[in-house]
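*Asks:* next come a sequence and a model predicted from it.
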Amino acid sequence: MKVLVIGSGGREHALVWKLAESPRVDKIFCAPGNAGIAQIAECVPIAVEAVEQLADFVQREGVDLTVVGPEAALLSGVVDEFEKRGLRIFGPRREAALIEGSKSFAKDLMMELGVPTAKYQTFTQMEPALQYIREQGAPIVVKADGLAAGKGVIVAQTVTEAEDAVRSIMEAKEFGEAGSQVVIEEFLAGEEATVLAFVDGQTVRLMVPSQDHKQVFDGDKGPNTGGMGTYAPVSKVSAKLLKEVETTIIRPVVDGLAAKGTPYKGVLYAGLMLTAQGPKVIEFNARFGDPETQVVLPLLENDLVEVAEAVIEGRLGEVELSWKNGAAVCVILAAQGYPGSYRKGDVITGLDHLPEQVAVFHAGTAAKDGQLVTNGGRVLGVTGFGHDLKAAKEAAYRGVEAIHFEGMHYRTDISDKAFRS
């Protein structure tokens, strides 16, 4: 069969890598892909939001299955267009994907369904938002309502910092139209965890939990990024806690959306804070996480094609997920300047001398004059595997040591929280 993956980052490289394992797959396309993906799939120069072009391509090439990576494609209505044409595609329709596309929509839905989350207010005007911050005090969390590539969330430690965040979002339009509304939330204390779930509109199958590291520097310092590394599984998320997440968070949302006539199909991502009162939702995403996918999918024993088809056909209840023993750790190698403006075009070396138990997923790379060069803020995800988390971490950082490009920076403490009592 022929498969198309939509997207160009590390998540998409991991999806292509996993799909290529399936004995049923003969050919993989990726739109638009990157230099690493091009080594195992045919990259086609179609933008993720060019919905009609993507559907035309699939019809022309006879593609049997399309898997959507990024949220921008989902919120452009790619699934709606494909389904209208009778094409098989994995991911939620636009209306269901609003759970990521609008933070106010997600918060209102959670409030309606009784899903545990932080207290919040939504504002369309700057002055009332500033007044609310002064009344509430700090620490406090300021979020751009729309899509901001994982960077539209500011955890402000002071009132002044929160006020500055509101001004940069609503007045300076740092995140464009994503900042036409802001959601201001209470600060939640605890440790973060991500739980991804396959959903077919009714049935839910949870994946192994992972933990992302959002801040750019060690010790969770500095501004938020799209993610600087992750690991799985998370020992603090016990089987009992995972069941609680399914019962109190994932299941109510899936049932609630179905009751509204917008059934959710695809991957539902729950970003959680493990508080003293139990797990609470920080955010929902409407797709595989990045970089969580780079540690979760390698641990999945099932054929991803089989799971995707079961989701599309509404028969996920027939599928039981099976997970490998062991662990995975992914370290993101970032370009100089990231998460601000960053350099491009630096030559990358060392990928042909990687140690065992390491896979490298390309995020922002390109081929130029026969060399591999940087072409994004997050350049590579170096994933190490091991029989336990310690071995996986050691493998990942051995992989990091083998790679070089000018200005390369990364966190040295990915997974360290797991070793603290």
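*Replies:* Here it is on my side, so go on.
*Asks:* which ones are touching residue 28?
*Replies:* Going by Cβ atoms under 8 Å, 6 or more residues apart in numbering, residue 28 touches 2-5, 16, 19-20, 40-42. C-beta here means a position set from N, CA and C on the backbone, and glycine is covered the same way.
*Asks:* again, only this time at 6 Å
*Replies:* Going by Cβ atoms under 6 Å, 6 or more residues apart in numbering, residue 28 touches 3, 16, 19, 41.
*Asks:* please apply the same query to residue 400.
*Replies:* 331, 382.
*Asks:* what backbone torsions are found at it?
*Replies:* The phi and psi torsions at residue 400 (degrees, to the nearest 10) take the values phi -60, psi -40.
*Asks:* what's the answer for the one 5 residues further on, then?
*Replies:* Taking degrees, to the nearest 10, you get phi -150, psi 150 for the backbone angles of residue 405.
*Asks:* do the same with residue 295
*Replies:* phi -110, psi -30.
*Asks:* give the closest residue to it in space, chain neighbours not counted.
*Replies:* Sequence neighbours aside, residue 328 is the residue nearest to residue 295 in space, at 3.9 Å (criterion: Cβ to Cβ, 6 or more residues apart in numbering).
*Asks:* any chance of the contacts of residue 28 in a markdown table, plus pLDDT and secondary structure?
*Replies:* Formatted as a markdown table, the contacts of residue 28 follow (pLDDT from 0 to 100; DSSP: H, G, I helix; E, B strand; the rest coil):
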| residue | pLDDT | secondary structure |
| --- | --- | --- |
| 3 | 98 | strand |
| 16 | 98 | helix |
| 19 | 98 | helix |
| 41 | 98 | coil |
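*Asks:* what's the closest of those residues to residue 305?
*Replies:* residue 19 (6.4 Å; Cβ to Cβ).
*Asks:* please report how far the closest one lies from residue 225.
*Replies:* 27 Å (Cβ to Cβ, to the nearest Å).
*Asks:* roughly how far apart are residue 161 and residue 311?
*Replies:* Residue 161 sits 41 Å away from residue 311, going by Cβ to Cβ.
*Asks:* which one of the two is surrounded by more residues?
*Replies:* Neighbour count, other Cβ atoms under 10 Å: between residue 161 and residue 311, residue 311 has more, with 22 against 16.
*Asks:* that one: what secondary structure?
*Replies:* helix (DSSP: H, G, I helix; E, B strand; the rest coil).
*Asks:* and the residue nearest to it when sequence neighbours are not counted, how many neighbours?
*Replies:* Using Cβ to Cβ, 6+ apart and skipping the chain neighbours, the partner closest in space to residue 311 is residue 200 (4.6 Å). Using other Cβ under 10 Å, residue 200 has 23 neighbouring residues.
*Asks:* what's the answer for residue 84, then?
*Replies:* Residue 84: 10 surrounding residues under other Cβ under 10 Å.
*Asks:* so which bits of stretch 387-401 are buried?
*Replies:* 389, 391-393, 395-400 (16 or more other Cβ atoms under 10 Å).
*Asks:* would you turn the residues you listed into a markdown table with distance to residue 109, pLDDT and secondary structure?
*Replies:* Listed next are those as a markdown table, based on distance: Cβ to Cβ, whole Å; pLDDT from 0 to 100; DSSP: H, G, I helix; E, B strand; the rest coil:
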| residue | distance to residue 109 | pLDDT | secondary structure |
| --- | --- | --- | --- |
| 389 | 34 | 97 | helix |
| 391 | 41 | 98 | helix |
| 392 | 36 | 98 | helix |
| 393 | 37 | 98 | helix |
| 395 | 40 | 98 | helix |
| 396 | 36 | 98 | helix |
| 397 | 40 | 98 | helix |
| 398 | 44 | 98 | helix |
| 399 | 40 | 98 | helix |
| 400 | 40 | 98 | helix |
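*Asks:* pipe these into CSV and attach distance to residue 294 per row.
*Replies:* Shown next, in CSV, are those (distance: Cβ to Cβ, whole Å):
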residue, distance to residue 294
389, 15
391, 17
392, 12
393, 14
395, 13
396, 10
397, 15
398, 17
399, 12
400, 14
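*Asks:* what about the nearest residue to residue 385 once chain neighbours are set aside, neighbour count?
*Replies:* Among residues not flanking residue 385 along the chain, residue 357 sits closest, at 4.8 Å (Cβ to Cβ, 6+ apart). Neighbour count of residue 357, defined by other Cβ under 10 Å: 19.
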